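Asks: Requesting a structural model of the entry that follows:
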Amino acid sequence: MKKFILSSLLVLGLVSAVSARPLRVTTTPTDLAALTRTLGGDRVDVFSLSRPLQDVHFLDATPGMIVRINRSDLFIENGFDLEMGWVPEVIRETRNRSVRPGGPGHVNASNGIQAIQIPERIHRDMGDVHPSGNPHYTLDPIIAQQAARNIVNGLIRVDPEHAELYRANLEAFISRSEEVVNAWVEKFEPHAGSQLIIYHKHFDYMLERIGLVVADSIEPLPGLAPSARHVAELIRRHSPETVSMVIMEPWHDQRVGRQVADGVGVPLLVLCPTVGSCEGAEDLISLFETNARKLLDVLEAAEGE
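Replies: You can find the predicted model right below:
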């Protein structure tokens, strides 16, 4: 009898230890890793398969990714075809059925989000276009609220015991993001309609939120490097009267961005494309604020000249 009681206590102790440990969560971009930490707090141990200054479009599947996902309680992907070149391959190789699409441990963070720039038709001469629309919704924390809901639903599926904690953190994120973003939108009202040249369609959700307009793109087509002829045409077509600045990501060729900006006669601004890609951008809200501050500084400086 004593042996039975001791054995039962050992089993209960093991179950308690497993339920008490943080959830192992793997995400594709750093943005979703940061959002999951915000929502999960001490209940999650989060690992991002990409680093802050990596372009998630072009990662390669590796054995390490498969091992990491095999050991995860929850796998969160961005969706909207951002990872279509490598995530399906990784998922096919994993033995963890829970984190495959349709399993309780899988989250497509884009579910329920209305994408922008959905192409009416797809053909080869359109470049590296995303059939489901622009995947960079995390640059706008208001739109990312739906991603947060999707993540919380996933956390609750694999850890229902802490559902109230996750729901409370979700409400706090929604409240804080609305407060911060609305304040910045108000600051940009005097500059509404200002036009910019972009490199890649990475910041479009954010620009739309604060009332700025994309006039042109250094990429002639998504994912296609610009030719000298295209660069010359951009410079010929624009002036400080038509655009306020050129913005780009740090992983693209800044020499090309500088050439366009100098040729047009406007500033070049390298923004922060992901959480952790520049100082102060440690979560989605501070990422938004950091980029908004950079944009507003340039607009106000031009106004003061």
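Asks: Can you pull the phi/psi pair for the nearest residue to His191 once chain neighbours are set aside?
Replies: The shortest distance from His191 to any non-neighbouring residue, by C-beta to C-beta, 6 or more residues apart in numbering, is to Leu299 (4.8 Å). Glycine gets a C-beta too; all of them are placed from N, C-alpha and C. Per-residue torsions, Leu299: phi -60, psi -40 (degrees, to the nearest 10).
Asks: surely Leu299 meets Glu189?
Replies: No. The pair Leu299 and Glu189 does not pass the contact test of C-beta atoms under 8 Å, sitting 11.6 Å apart.
Asks: Neighbour count: the two, which is higher?
Replies: Leu299 (20 against 9; other C-beta atoms under 10 Å).
Asks: on contacts alone, who are the packing partners of the single longest helix found in the chain?
Replies: In the chain, assigned by DSSP state H, the helix with the most residues is helix 163-188. Secondary-structure packing of helix 163-188 (3 or more C-beta pairs under 8 Å, 6 or more residues apart in numbering; DSSP states H and E): helix 30-40, helix 144-158, helix 204-210, helix 284-304.
Asks: what about Pro141, distance to Gln195?
Replies: 24 Å (C-beta to C-beta, to the nearest Å).
Asks: Between these two, tell me which one has more neighbours.
Replies: Comparing Pro141 with Gln195 by neighbour count (other C-beta under 10 Å), the higher total belongs to Pro141, at 28 against 15.
Asks: Just the local confidence number for the nearest residue to that one once chain neighbours are set aside, please.
Replies: Take Pro141 and drop its neighbours on the chain: the residue closest to it by C-beta to C-beta, 6+ apart is Ser177, 3.8 Å away. The model reports Ser177 with a pLDDT of 98.
Asks: can you check Val264 too?
Replies: At Val264, pLDDT is 97.
Asks: for the protein, what are the low-confidence residue spans?
Replies: 1-19, 121-130, 304-305 (pLDDT under 70).
Asks: in it, which spans are helices?
Replies: In the chain, the helices defined using DSSP H lie at 2-20, 30-40, 63-70, 87-93, 144-158, 163-188, 204-210, 228-237, 254-264, 284-304.
Asks: Columns distance to Val243 on top of those, output as a markdown table?
Replies: Formatted as a markdown table, the helices of the chain follow (distance: least, C-beta to C-beta, whole Å):
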| stretch | distance to Val243 |
| --- | --- |
| helix 2-20 | 55 |
| helix 30-40 | 27 |
| helix 63-70 | 40 |
| helix 87-93 | 36 |
| helix 144-158 | 28 |
| helix 163-188 | 16 |
| helix 204-210 | 13 |
| helix 228-237 | 9 |
| helix 254-264 | 6 |
| helix 284-304 | 11 |
